[in-house]
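Peer 1: Just the structure for this:
(2 chains)
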Amino acid sequence: MNPPDTAVARFEAHYAEHRRRKTASTALFWVVFLACLAVAVITARFDIRILVEGLPRTTDFLERMIPPIALSTFADDVADWYWGFGKWMGSLLNTLLMAYLATVLGTAIGGVLSFFAARNLVKSYAVFWITRRVLEVARTVPDIVWALLFVLAYGIGPLPGVLAITVHTLGAQGKLFAEVNENISPLPLDGIRAAGGNWLHEMRFGVLPQVLPNFLSYTFWRVELNVRSATIVGFVGAGGIGHDLFTAIQLLYFSDAGAILLIVVATIMLIDMISEKYRHRIIGKDSLSH
Amino acid sequence: MRTTRTEITEAEIAAARARLPRAFARSSHEQARLWLLSSAAAALTLYCLYRFDFLSWQFIDGSAKFGAVVIAQLFPPHGYEYTPDFLKSMGETIAMAFIGTLLGALLAFPLSFLASRNMMPVRPVQFGTRRFADLLRAFDYLIWALIFVRAIGLGPMAGIMAIAIVETGTFIKLYSEAIENLDRKQMDGIRAAGGNVLHVVRFGVLPQVLPMMLSNTLYMFEHNVRSASILGIVGAGGIGFLLADRLRAYELQEACLIIILVVLTVYAIDYLSRVLRERFIVGRAEPAKISAKPAAP
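Peer 2: Below is the predicted model:
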């Protein structure tokens, strides 16, 4: 006997159909997911035993980074721990200056290139396309790989590190700036052209005032990222505090490693705070979606 | 249309300038500040250029060497007979990113409830969990990788652990922000209908936050493939090991092939993850907003 064709029955049928489909897609998801997981576990030779054995050793490693500090001899213990304070501060200064210089150079070059990488600002498609590809290569290759390449040519020291971060920065800034450039209003440009201005005038008086706040805010953010990068490139011979950290961990100087790590974290958090404050002053909080 | 041209007299301009001085020029105070700031920045830049040997023969010699030796020797890429090895390593890299992200997500999921204001009434616990997450995120992947390589040995396990630790921190932050933004009404409804805490989480919280969490997780997986590809440089498994090895042995053409492979894989994963996020994770899933954290955006 046919069920009566009521609204309720139709709803029930639809609902059952919907449930069936949903169950099927959930099942499919789990099958695909578990298959991926199985492949990944085999490929990466994931071994839970290494994990279980390794975790105590890792916590031990981390614990030994902080030497025993007694309350009665607090000042002496801390002074002992930070025996290389002067040296590490020198390295930290190097790292910060590396980040600064790389940000300035990368932003300057990337900023100029961004005008050629904005579809609305250049007439020639070839120029646009080539600039975009150059920026893409500069930012897709990780900064530490650039550092390895530059170390080959310039030898060990901060110079290759600065260059590596500069190249990565110009790629990233160029792309972000180009996107800002593409979102500007064309009206001021028309006005300048009508008043007889050339391309440079258009860029200087039509585009720059519109994009400068965004440029500045991205640059503050970039400083923060570059301080991290400047620490990391030290691992492959590009100087700075990263080099000290790398040596300390490699040679198992636990307390040194802990002391340097604390310096690094404190610096990064401090810069985080300062740059956030200035970013918010320059530009409203909502516009910072990147 | 006919336009009329109105002559503006010098007197009118002077009057406007007197009335709205800042429309014509910056105030002298502002001008002085701007001038001071930019000259300080320029001086610091010059000093840095000097300090880091940009203004020396080392830079010129190095640049010449970079052009002649490094760039010239990178191309054309070479070493296709090693392609199977490279691909295997690339697979290991993706697998490291996958397992690391997954472990991070699993660890962060319960902790993220402790870190949300609307779920965790005990303020010190909530605050403490947040700061703990900040601490995990504060160190870069490579620093954790270095520590794990020394603690549990060379190989992909060290890389997986490094990614899992950083991601635990990131996901606690992202997930707890998603949980804090959820709509209370659905939870109230379930509680009013007699549901217990588990019911509230399962039917009131999860349906709201899961799309966001999945989307963020997928986004971070994509990001972690990039990170995992360099972890090998410090010995934590993946393609980075082969890359650093080839570069240090001056096998630049093979290194170039590896770099191209990494870049292509990163593009492929980006594309795949974007398609997955757009097609399958419906709901209010916004693209992840991870400001300023890890290595390369």
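
Peer 1: Whether whichever strand or helix holds residue B:157 contacts chain A - can you check?
Peer 2: According to DSSP states H and E, residue B:157 maps onto helix B:156-180. Yes - counting by Cβ under 8 Å from any Cβ of the partner chain, contacts between helix B:156-180 and chain A involve B:156-157, B:160-161. Every C-beta, even on glycine, is put in place using the N, C-alpha and C of the backbone.

Peer 1: Let's verify the residue most central in space within chain A: helix, strand, or coil?
Peer 2: The centre of chain A sits closest to residue A:225, judged by Cα atoms, centre = their mean, with a distance of 5.4 Å. When classified by DSSP: H, G, I helix; E, B strand; the rest coil, residue A:225 comes out as helix.

Peer 1: Just list the residues touching the one residue in chain B that gets nearest to chain A, thanks.
Peer 2: Nearest residue of chain B to chain A, counting by Cβ to the nearest Cβ: residue B:152, 3.2 Å away. Going by Cβ atoms under 8 Å, 6 or more residues apart in numbering or on different chains, residue B:152 touches A:50-51, A:53-54, A:57-58, B:158, B:161.

Peer 1: one more time with 6 Å
Peer 2: Applying Cβ atoms under 6 Å, 6 or more residues apart in numbering or on different chains to residue B:152 gives the contacts A:50, A:54, B:158.

Peer 1: OK, contacts around residue 178?
Peer 2: Just going to use chain A. Contacts of residue A:178 (Cβ under 6 Å, 6+ apart): A:114, A:117-118.

Peer 1: Chain B is the one I meant
Peer 2: Neighbour list for residue B:178: B:209, B:212 [criterion: Cβ under 6 Å, 6+ apart].

Peer 1: Kindly report the same for residue B:55.
Peer 2: Contacts of residue B:55 by Cβ under 6 Å, 6+ apart are residue B:49.

Peer 1: how about it, secondary structure?
Peer 2: Here residue B:55 is recorded as coil under three-state DSSP.

Peer 1: Please identify which of the contacts of residue B:152 is nearest to residue A:242.
Peer 2: Of all the contacts of residue B:152, residue B:158 has the smallest distance to residue A:242: 18.3 Å, by Cβ to Cβ.

Peer 1: Flag every residue of chain A that's near chain B.
Peer 2: Contacts of chain A with chain B, taken as Cβ under 6 Å from any Cβ of the partner chain, map to A:40, A:43-44, A:46, A:50, A:54, A:57-58, A:61, A:97, A:101, A:104, A:140, A:142, A:144, A:148-149, A:152-154, A:158-159, A:162, A:221, A:224, A:228, A:232, A:249, A:265.

Peer 1: Show me chain A divided up by domain.
Peer 2: A:7-62, A:82-287 (automatic domain parsing).

Peer 1: Next: chain B.
Peer 2: According to automatic domain parsing, the ranges for chain B are B:10-74, B:81-280.

Peer 1: what about the shortest one, average pLDDT?
Peer 2: With pLDDT averaged residue by residue, domain B:10-74 scores 84.

Peer 1: Provide the backbone phi and psi angles at residue A:40.
Peer 2: With angles defined as degrees, to the nearest 10, residue A:40 sits at phi -60, psi -40.

Peer 1: Secondary structure element holding the one residue in chain A that gets nearest to chain B?
Peer 2: Per Cβ to the nearest Cβ, the residue of chain A with the smallest distance to chain B is residue A:54, at 3.2 Å. Per DSSP H and E: residue A:54 is located in helix A:48-64.

Peer 1: Name the residues of the helix or strand just after that helix that are buried.
Peer 2: Using DSSP H and E, the next helix or strand after helix A:48-64 towards the C-terminus is helix A:74-81. For helix A:74-81, a neighbour-count test (16 or more other Cβ atoms under 10 Å in any protein chain shown) marks residue A:81 as buried.

Peer 1: CA-only coordinates of helix A:74-81, as CSV, when you get a sec.
Peer 2: Only the C-alpha atoms of helix A:74-81 are listed here, as CSV (Å, rounded to 0.1, in the frame of the first residue of the first chain):
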residue,chain,number,x,y,z
PHE,A,74,69.7,34.5,43.7
ALA,A,75,71.9,37.3,42.3
ASP,A,76,75.0,35.2,42.1
ASP,A,77,73.1,32.3,40.5
VAL,A,78,71.5,34.5,37.9
ALA,A,79,74.9,36.3,37.2
ASP,A,80,76.4,32.8,36.8
TRP,A,81,73.7,31.8,34.4
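
Peer 1: For the helix or strand just after it, what is the distance to the chain centroid?
Peer 2: Moving toward the C-terminus from helix A:74-81, the first helix or strand encountered (DSSP H and E) is helix A:85-116. Helix A:85-116 sits 15 Å away from the centroid of its parent chain (Cα atoms, centre = their mean, to the nearest Å).

Peer 1: and the angle for the helix or strand just after helix A:85-116 with helix A:85-116?
Peer 2: Following helix A:85-116 in sequence order, the next helix or strand is helix A:125-140 (DSSP H and E). If you take axes from the mean of the first three to the mean of the last three Cα atoms, to 10 degrees, helix A:125-140 sits at 160 degrees to helix A:85-116.

Peer 1: Which helix or strand contains residue A:273?
Peer 2: Counting by DSSP H and E, the element that carries residue A:273 is helix A:254-282.
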